[in-house]
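Colleague: Quick one, structure for this:
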Amino acid sequence: MVTQTFICKYCGQEFERNGSGHQYKYCSRNCHHDARFGKPIPGKLKGMRNPLCLEAVKLCQEGLTQTEAAKRVGIDLHILTTWLHNHKAANSKKLFTDRICQHCGKSLAGMSNLTARKYCSSSCGNKAWYAEKNPVRKQMRFNPVLRAEALELYWGGLGGTAIAKHFGISKGTVFSWIHDFGGQRERVKTIAATRLKTQKQRLRDVENAGEWLQALRDGASENSPDSQLPSLRLVCDTVSGNCGMNQMVSIISECLKLNPLNGEVFAFCNKQYNIITTITWEEPVFNIKKIQKPYGSYPWPHEDFGKSIVVTSSEFEYMISFSKKRLKIV
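Modeller: Sure, this is the predicted structure:
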């Protein structure tokens, strides 16, 4: 092969290469690197040639990523990435010992791809991205006094939904407090918690017939305090939904030991507590009426409260007036 002579475009020295038609520009790899990246900086990091690359490395030590550091100092990202790769500095614990997560402040030492990492986990990255996209949103402040009051009401017998409605806060917040601290004490009913319960909830939480009747009278007296109407007898035992006249008459005569023809109004409720059937003797026939709830249930007295409970018509109307809010179908 023919040997040709070339002139280095960096140092100007002549050098010989086997002629193959290719025009050589530099005499050595060092001249090529010096021409492209600059001469090595004495006393600095090994192989560091470009002063701007050194500034980019310092920015990486402060917490910036390779892309952010290269963009800030104004050099090609390939220059910085090549140096970090050649000298295995991307995961150097000695060179980048002070790098921390830019969201939570946790140390990034020992993690992979150290110089290109800004956060310790994807969770911190997502939170930082959300905070950047929503700068107006304020972080919720924790109020220990409010939590203590909410837990006192819970330990006093009040439910989580009622507590959230009373304080005007999120139900999720209240239920998280109950999950974390609700088991520290036993729940004992208190007067303060009972007063905050709705009338329907009070009727459901009573333990005997006296408490049930008193809760019903308290609610009925607030709505119609001066009403003096005839009474009804509520049968505590539930019946099937298709209960007929003969079965109801036999329950009145055999179980309650009462005369079904005395003109008194008897009320029965099905097992789902959503259909009330009233029966009364109006000579010469029985008058039977059904009251059906489209959704929800009636606060009917439990079977353990006895055989029957006598209430006035106003109290009965108040009991069946409770309505459950139906969800709107969009």
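Colleague: okay, CA-based contacts and neighbour counts for the rest of this
Modeller: OK.
Colleague: In contact with the closest residue to L52 other than its chain neighbours, which residues?
Modeller: Excluding the flanking residues, the one nearest L52 by Cα to Cα, 6 or more residues apart in numbering is V73, at 6.2 Å. By Cα atoms under 8 Å, 6 or more residues apart in numbering, V73 lies in contact with L52, E55, A56.
Colleague: For the chain, just list every one of the strands.
Modeller: Listed in chain order, the strands of the chain (DSSP state E) span 3-7, 14-18, 231-235, 265-269, 275-282, 285-292, 308-312.
Colleague: just those: most buried one?
Modeller: Highest mean neighbour count among the strands of the chain (mean count of other Cα atoms under 10 Å): strand 265-269, with a mean of 23.
Colleague: for it, packing partners?
Modeller: On a contact count with 3 or more Cα pairs under 8 Å, 6 or more residues apart in numbering; DSSP states H and E, strand 265-269 meets strand 231-235, strand 275-282.
Colleague: can you pull the contacts of the closest residue to L158 other than its chain neighbours?
Modeller: Counting by Cα to Cα, 6+ apart, L158 lies nearest to A193, which is 5.5 Å off, once chain neighbours are set aside. Residues in contact with A193, defined by Cα under 8 Å, 6+ apart, are L153, Y154, G156, G157, L158.
Colleague: Domains of this structure: list them as residue ranges, please.
Modeller: Domain ranges of the chain: 38-99, 144-195, 228-320, per automatic domain parsing.
Colleague: now the ones you listed in a markdown table, with distance to N126?
Modeller: Listed next are those as a markdown table, based on distance: least, Cα to Cα, whole Å:
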| stretch | distance to N126 |
| --- | --- |
| domain 38-99 | 17 |
| domain 144-195 | 22 |
| domain 228-320 | 42 |
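Colleague: Please report how far M245 lies from L234.
Modeller: Here M245 is placed at a distance of 16 Å from L234 (Cα to Cα, to the nearest Å).
Colleague: hang on, I meant A116
Modeller: For A116, the distance to L234 - Cα to Cα - is 75 Å.
Colleague: Please report how far the spatially closest residue to G219 that is not a sequence neighbour lies from S221.
Modeller: Counting by Cα to Cα, 6+ apart, G219 lies nearest to Q199, which is 6.4 Å off, once chain neighbours are set aside. As judged by Cα to Cα, Q199 and S221 stand 12 Å apart.
Colleague: out of those two, which sits in the more crowded spot?
Modeller: Q199 (18 against 14; other Cα atoms under 10 Å).
Colleague: Thought A215 was touching that one, still the case?
Modeller: Yes. With contact defined as Cα atoms under 8 Å, Q199 and A215 form a contacting pair (7.1 Å).
Colleague: and the residue nearest to G219, what pLDDT?
Modeller: We have a pLDDT of 72 for Q199.
Colleague: dump the residue contacts of it.
Modeller: A215, L216, G219.
Colleague: Of these - the most surrounded one?
Modeller: L216 (21 neighbours).
Colleague: For burial, what's the neighbour tally of I191?
Modeller: 10.
Colleague: so what's the residue nearest the centre of the chain scoring on pLDDT?
Modeller: Centroid-nearest residue in the chain, with Cα atoms, centre = their mean: G172, separated by 5.9 Å. Predicted confidence (pLDDT) for G172: 89.
Colleague: How much space separates it from E149?
Modeller: 16 Å.
Colleague: what does R204 give?
Modeller: 24 Å.
Colleague: which one of those two has more residues nearby?
Modeller: Just comparing R204 and E149: by other Cα under 10 Å the higher neighbour count belongs to R204, 16 against 13.
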